[in-house]
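S.K.: mind looking at a prediction? Sequence and model below.
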Amino acid sequence: MTLANSKPQEFDRNMAAKVQLFITCLAEQFFPGVLERMVELLERLDVQVEFPEEQTCCGQPFFNSGFQSEARQVARKWLDIFARTEGFIVSPSGSCVDLVRHHYPELFPAGTPEHARALEVTSRVREFSEFLVKELHVTDLEARFPHKVTYHASCHLLRGLGVSEEPKTLLKNVRGLELVPLEGEQTCCGFGGVFSVIYPEVSRSMMEDKIRAIEASGAEAVVACDAGCLMNIAGGMRKAGSRLKALHLIEVLTAGQ
Amino acid sequence: MNPSSAPIDFRTNTQRVPRQIVTSVRKATTRFLGTRAGVVGQVENWEELREAGHNIRLHAINHLDHYLEQMERRVTEAGGHVHWASTAAEAREIVLSIARQHQAKSVVKAKSMATEEIGLNHFLEAAGIRALETDLGEYIVQMAGTGPSHIIVPAVHLTKEDIADLFSEKLHMDAPADPIRLAEIARQKLRQEFIAADMGISGANFLVAETGTVVMVTNEGNGRMCTTLPRVHVAVAGIDKIVPDWESLTVLLKLLARSATGQKITTYTSFITGPRRSAAEHGPQEFHLVLLDNGRSPALRDPLTRETLLCIRCGACLNVCPVYNHVGGHAYGWVYSGPIGSLLSPQLLGTKLAGDLPFASSLCGACGDICPVKLPIPQILLHLRRRVSEGDEIEPARSSRFARWGARVGAGVLTRPWLYRLTGSVLKLVQVPFRHDGWLAALPPPLNRWTMSRPLPAFNARFRGWWSQHQSTVKRS
């Protein structure tokens, strides 16, 4: 389906017509351009975009480092903010969506009102490519990006959310873009959140492998859907003096517009 | 490889891994994963089989008391002896006293992680009993004086050249770097040992409660030599090895061989039920089964960590783990390595010694996806991280005061939106002296833990400003 005929009533308009931006702390601090393009792209699809300004971070750093009570405090705050909203909650980072959707409910004892609220609110959360393809049924953004690119499957997007084909489907419909396979597409890039600072040497070694594979693919850029992987891979490329680029899917889908 | 009283320092261990070890490990794990994918692809209902395996193991673990008692009865009825060891020390003493009763001077061993876990070889050596590993990989790592670096391929970190050098040095010969020739040398040496040994020691892949049978899967045939030629056979097995019956066993054998080595079935699958019945039969005159707890019962108490005991030790999680593939097995500091080692060591040794290991994972989830019995490895890692950072009813917190303080301050900032926004603005300002071309190449501690490996994109929290401007533009138009 192309942009031109994606607007009719083929999706639940009430639900998809309005979305809440869940910008994530990493994208806010390091990739503001991705967020800005995301807003413009959604509005181009006639989606009403709202931004709950009280949001901060989902608390994943605490959750993954074993500080569950801190994770619970941050989760509670996040739920307070998003419980007051309606429509899908859309985020450009698979890992944050996975945490919210799959782990927030476990932070509160089953059977409690907080647990029920966590289940209810987080069921509305979608990763960006997942939202476009599965909820809006849009697969062609009429973008133009005449380059050879490859795709890195972010771990939590792939294994946590089960999103593997949606980003690639969107990429294949970009004019002039050639999508080439990446050896070890589903192998972790070495980011792992707190892992990258607890064990920086192992993390680097994994990241260098990923960059070698991207170079070997013959692509000019690697595309991913997670701010964590992107800051790791882009940083590694810069350190290596590589001319390759690490791009968020949104940057490619809004190219040439 | 005996755990000393010093905590396992995973980071320091990883800094000492030679590049060549990583190459050897990677070569082997890639081959195993390839053959595994081939045979798993031929099984139509692989996912159902995994589910069945999970349920069988969970049932066995949830009814461990019942099946262990049944196992004990059946082994005794078959003429064997059952011993209960609650600690590694007790297990070692039991094996030693059996050896002493029989005046055993030399022991041949089949591959067994349980005996690695209790450090049996060194203990027997110290008591004047020679214990020789006969699995080729174990034979090599014993000769090298290290422990196994992989659950099923103990010498995976060594190349054929390394092994040739080792044989040449230790066996005083000129050994060629040819795997077939090296295996032949080992075979010749071992043949004499099997015949001369007074006692054989093995582990167990499974214990079938229904009939009191010890199941052992091997590819070299050395296991059968160890368990049939000597007069006495002692099997040491963790209490978690139990399966209810033969029907369950067939499911697990299908999962194990395919996941471990990519075989449909291993070359040898041995079923041992007690000692020989008569002088005309092959097999030992005496059979002993040592049931090892060594920290497994405490793991059972917690419903989440309990599932660790579902593991059937196939090693697939090691093969697929990107961290294991970059550091090899010895970095994990004890006999169990890879993702399953990161679950077992903190539980069997305690978080004081092995508290680093639950963090030795990027939480990519590949281990959980490949596990043949659907062990939720990432969830248990997270659970153990919680144990280390916050403490629970099993162990007190082990995290540093700095980490706990950092978490509290961090949560304080992130639950106060104004403070979070202010922090973003402050970071944008204070980074200026470090910023170059949109990147921060070197930052002071603790952020240097990131920049030592790659630069950080410059802090650039501008979206909120863009949003308000965008809103007013939209409203105007």
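M.R.: Yep, that arrived.
S.K.: show the pLDDT at residue B:369.
M.R.: Residue B:369 is assigned 97 on the pLDDT scale.
S.K.: what of residue A:208?
M.R.: For residue A:208, the predicted pLDDT is 97.
S.K.: before we move on, what about residue A:35?
M.R.: For residue A:35, pLDDT reads 98.
S.K.: verify the stated contact: it with residue A:25.
M.R.: No: counting by CB atoms under 8 Å, residue A:35 stays clear of residue A:25, with 11.5 Å between them. (Glycine included, C-beta is placed from N, CA and C.)
S.K.: the two: which is more packed in?
M.R.: residue A:35 (25 against 21; other CB atoms under 10 Å in any protein chain shown).
S.K.: give me every residue that touches the more buried one.
M.R.: A:21, A:23, A:27-28, A:92, B:463, B:466 (CB atoms under 8 Å, 6 or more residues apart in numbering or on different chains).
S.K.: residue B:90: how many residues sit nearby?
M.R.: Neighbours around residue B:90, by other CB under 10 Å: 17.
S.K.: show me the contact partners of whatever helix or strand it lives in.
M.R.: Element membership of residue B:90 [criterion: DSSP states H and E] is helix B:88-101. Here helix B:88-101 makes contact (CB under 8 Å, 6+ apart) with B:83, B:85, B:104, B:107, B:117-120, B:123-124, B:127, B:129, B:198-199, B:201, B:232, B:234, B:236, B:288, B:290, B:292, B:294.
S.K.: out of those, name the ones that lie in strands.
M.R.: B:83, B:85, B:107, B:199, B:201, B:232, B:234, B:236, B:288, B:290, B:292 (DSSP state E).
S.K.: burial of the nearest residue to the second one once chain neighbours are set aside, as a residue count?
M.R.: Put plainly, it is residue B:85. Leaving aside its sequence neighbours, residue B:85 sits nearest to residue B:91 (CB to CB, 6 or more residues apart in numbering or on different chains; 3.6 Å). By other CB under 10 Å, 26 other residues sit near residue B:91.
S.K.: with the one 3 residues further on instead?
M.R.: Applying other CB under 10 Å, we find 20 residues neighbouring residue B:94.
S.K.: list the contacts of residue B:258.
M.R.: B:36, B:39-40, B:43, B:264, B:372 are the contacts of residue B:258 under CB under 8 Å, 6+ apart.
S.K.: now with 10 Å, please.
M.R.: Applying CB atoms under 10 Å, 6 or more residues apart in numbering or on different chains, we find residue B:258 in contact with B:35-40, B:42-43, B:46, B:49, B:264-265, B:314, B:316, B:372.
S.K.: by neighbours, which of these wins?
M.R.: residue B:316 (31 neighbours).
S.K.: once you drop chain neighbours, what's closest to that residue?
M.R.: The nearest residue in space to residue B:316 (CB to CB, 6+ apart) is residue B:259, at 4.4 Å.
S.K.: check which helix or strand that neighbour maps to.
M.R.: Going by DSSP H and E, residue B:259 is part of helix B:246-260.
S.K.: contact partners of stretch A:99-118?
M.R.: So stretch A:99-118 is contacted by A:22, A:24, A:58-60, A:63-64, A:68-69, A:71-76, A:78-80, A:82-83, A:89, A:91, A:93, A:119-127, A:156, A:160-161, A:193, B:379, B:382 (CB under 10 Å, 6+ apart).
S.K.: among these, name the ones in helices.
M.R.: A:60, A:63-64, A:68-69, A:71-76, A:78-80, A:82-83, A:119-122, B:379, B:382 (DSSP state H).
S.K.: buried among those? Make that a PyMOL selection.
M.R.: Buried subset of those, written as a PyMOL selection, criterion 16 or more other CB atoms under 10 Å in any protein chain shown:
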select buried, (chain A and resi 60+63+64+68+71+72+73+74+75+76+78+79+82+121+122) or (chain B and resi 379+382)
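S.K.: ok, back up a step: any shared contact partners between residue A:35 and residue A:25?
M.R.: Contacts common to residue A:35 and residue A:25, judged by CB under 10 Å, 6+ apart, are residue A:227.
S.K.: before we move on, the earlier item: can you name the two of the contacts of residue A:35 that sit furthest apart?
M.R.: In the contacts of residue A:35, two members sit farther apart than any others by CB to CB. They are A:92 and B:466, at 14.8 Å.
S.K.: which one of these two has more residues nearby?
M.R.: Neighbours per residue, other CB under 10 Å: of residue A:92 and residue B:466, the larger number sits with residue A:92, 27 against 14.
S.K.: contacting residues for that one?
M.R.: A:21-24, A:26-27, A:31, A:34-35, A:37-38, A:127-129, A:225-227, A:230, A:248-250.
S.K.: same question, residue B:318
M.R.: Taking CB under 10 Å, 6+ apart, we find residue B:318 in contact with B:25, B:29, B:32, B:149-153, B:156, B:324-325, B:328-329, B:332, B:336-341, B:367, B:370.
S.K.: now residue A:176
M.R.: A:143-148, A:255-256.
S.K.: could you list which of those belong to strands?
M.R.: Reading strands off the contacts of residue A:176 with DSSP E, I get residue A:148.
S.K.: flag whichever of the contacts of residue A:176 scores worst on pLDDT.
M.R.: Within the contacts of residue A:176, pLDDT is lowest for residue A:256, at 82.
S.K.: ok, now which ones touch it?
M.R.: A:141-146, A:174-176.
S.K.: next one: residue B:286
M.R.: Shown in contact with residue B:286 (CB under 10 Å, 6+ apart): B:79-81, B:98, B:101-102, B:199, B:230-234, B:274-276.
S.K.: let's see that with 8 Å instead.
M.R.: Residue B:286 touches B:81, B:102, B:231-233, B:275, counting by CB under 8 Å, 6+ apart.
S.K.: ditto for residue B:284
M.R.: Residue B:284 touches B:200, B:227-228, B:230-233, B:275-276, counting by CB under 8 Å, 6+ apart.
S.K.: buried ones only from the residues you listed, please, as a ChimeraX command.
M.R.: Only the buried entries of the contacts of residue B:284 go into this ChimeraX selection, using 16+ other CB under 10 Å:
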select /B:200,227,228,230,232,233,275,276
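S.K.: out of the contacts of residue B:284, which are close to chain A?
M.R.: Restricting these to those within reach of chain A (CB under 8 Å from any CB of the partner chain) leaves nothing.
S.K.: quick one: which two of the contacts of residue B:284 are the most distant?
M.R.: Between any two of the contacts of residue B:284 (CB to CB), the greatest distance is 13.0 Å, for B:200 and B:276.
S.K.: now list the buried members of the contacts of helix B:88-101.
M.R.: Neighbour-count burial (16+ other CB under 10 Å) is assigned, among the contacts of helix B:88-101, to B:83, B:85, B:104, B:107, B:117-120, B:123-124, B:129, B:198-199, B:201, B:232, B:234, B:236, B:288, B:290, B:292, B:294.
S.K.: what sits against the residue in the stretch 151-257 of chain A positioned nearest to chain B?
M.R.: The minimum distance from the stretch 151-257 of chain A to chain B, using CB to the nearest CB, falls at residue A:192 (2.8 Å). Shown in contact with residue A:192 (CB under 8 Å, 6+ apart): A:203, B:361-364.
S.K.: so which of those belong to helices?
M.R.: Counting by DSSP H, the contacts of residue A:192 contribute residue A:203 to helices.
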